[in-house]
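Peer 1: My questions concern the predicted model and sequence given below.
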Amino acid sequence: MGKGNKIRDYVGGLLIGLLFTACTSLTTDKDWTRNGKVRLVLDWGTRAAHTGVFDYYFYADGNPVPLVRRGDASGYEGTIPQGHYGVVVCNPDGINLDLSMNNGYSGARAVARSSVFSKGTVGVISQPGNLYGTGEEEVVATATVGKAIVLSPVCLIKEVTLNIRIEGGGEVTVVSGELSGIPPEVCIPTGEPCEENNASVCFSTEVAGINRYTASLSLFGLRPGNKEAETSVPANLSLTVEQKDGQSFVSHTDVTDQVNEAVLNGLAARIELDMTVRPLETGGYTIEVTDWHEGTAEAEGTAGTK
């Protein structure tokens, strides 16, 4: 084959490839004649609307893998093949988390990433942040644009604040801790923590006054535990108190009852736990949770920390 023929064949193949690419890259949003139309509106109520982009996941009946369309915080209007869908909506820029979206409508979830604190320990997660979502089980794409479907997104990040008071003992320099028995995943369409797995999160504290420390935790939520159930995992709080003399003490307490009361009283979005840490005559410290109440910190837009 001559050099001229090779060049001609190469150019011809390139043109065919470009033509094929042009055809296949045509978005369905421009194909209004063959596909169904949908119009979704996000209602933020009295809250300030999110300002970023949102992804809209359309799950056809029996198909665990969605069609994905990108919209914004106000909604989405476009085309998808005609049919019945469940739709899940969330922002793609959550912090310290991964989206798992290829397991059907009910299996769409966010999963917290492993923490830098884990050091090989299984189940220690980073604190997730900045995740909003919602879902609708029945969306019909028809030949004409019908009435808009209104969805109400919620913040999927919950805030737990720990207020710690140290009474007596040596001079304290550092207080840190770990909260276990928390869900590492959240179901995006329902906003409920997933039940299958449990994890723990490590945290540091900030000085809030003389012998007072505070820590703010960003979680997918808390769920009530049942101490009598064999499969129940209690919510346990561990505090490490480091003294100026170099001694370090670790104390543990079960906060399942306080978590149960808070969740059952509808305070799962923002919870504050007040606790007092006292020295023991035998060495170390004991933890007493003195109160729980609704938190004043705003959970909306909470940024996760590692």
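Peer 2: Arrived safely.

Peer 1: Count the neighbours of the closest residue in space to residue 244 that isn't next to it in sequence for me.
Peer 2: Distances taken as CB to CB, 6 or more residues apart in numbering put residue 171 closest to residue 244, at 4.1 Å, once the chain neighbours are dropped. No exception for glycine: its C-beta is placed from N, CA and C like everyone else's. As a burial measure, residue 171 scores 9 neighbours (other CB atoms under 10 Å).

Peer 1: Give me the pLDDT value at residue 171.
Peer 2: Predicted confidence (pLDDT) for residue 171: 85.

Peer 1: Now stretch 187-205 - C-alpha only, PDB.
Peer 2: The C-alpha trace of stretch 187-205 is given here as PDB (Å, rounded to 0.1, in the frame of the first residue of the first chain):
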ATOM      1  CA  CYS A 187     -29.500   5.700  53.000                       C
ATOM      2  CA  ILE A 188     -29.800   8.800  50.800                       C
ATOM      3  CA  PRO A 189     -33.500   8.500  49.700                       C
ATOM      4  CA  THR A 190     -34.800   8.100  53.300                       C
ATOM      5  CA  GLY A 191     -32.100  10.000  55.200                       C
ATOM      6  CA  GLU A 192     -31.900   7.100  57.700                       C
ATOM      7  CA  PRO A 193     -28.700   5.500  58.900                       C
ATOM      8  CA  CYS A 194     -28.100   2.100  57.400                       C
ATOM      9  CA  GLU A 195     -28.500  -0.800  59.900                       C
ATOM     10  CA  GLU A 196     -26.000  -3.300  58.600                       C
ATOM     11  CA  ASN A 197     -22.700  -2.000  59.900                       C
ATOM     12  CA  ASN A 198     -21.200  -0.200  62.900                       C
ATOM     13  CA  ALA A 199     -18.100   1.900  63.300                       C
ATOM     14  CA  SER A 200     -16.400   4.300  65.600                       C
ATOM     15  CA  VAL A 201     -15.000   7.800  65.200                       C
ATOM     16  CA  CYS A 202     -12.000   9.400  67.000                       C
ATOM     17  CA  PHE A 203     -12.000  13.000  68.000                       C
ATOM     18  CA  SER A 204      -9.900  15.700  69.700                       C
ATOM     19  CA  THR A 205     -11.300  18.400  72.000                       C
END
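
Peer 1: what is the mean pLDDT for that stretch?
Peer 2: 91.

Peer 1: Just the buried positions in stretch 47-65, please.
Peer 2: Neighbour counts over stretch 47-65 (16 or more other CB atoms under 10 Å) mark 50, 54-60 as buried.

Peer 1: Is residue 270 bridged to anything, and to what?
Peer 2: Beta-bridge partners for residue 270, by DSSP bridges, are residue 159.

Peer 1: Near it, how many residues? Count them for me, please.
Peer 2: Residue 270 is flanked by 19 other residues according to other CB under 10 Å.

Peer 1: That one contacts residue 293, doesn't it?
Peer 2: No. Shown here, residue 270 and residue 293 do not form a contact pair, counting by CB atoms under 8 Å, at 9.6 Å.
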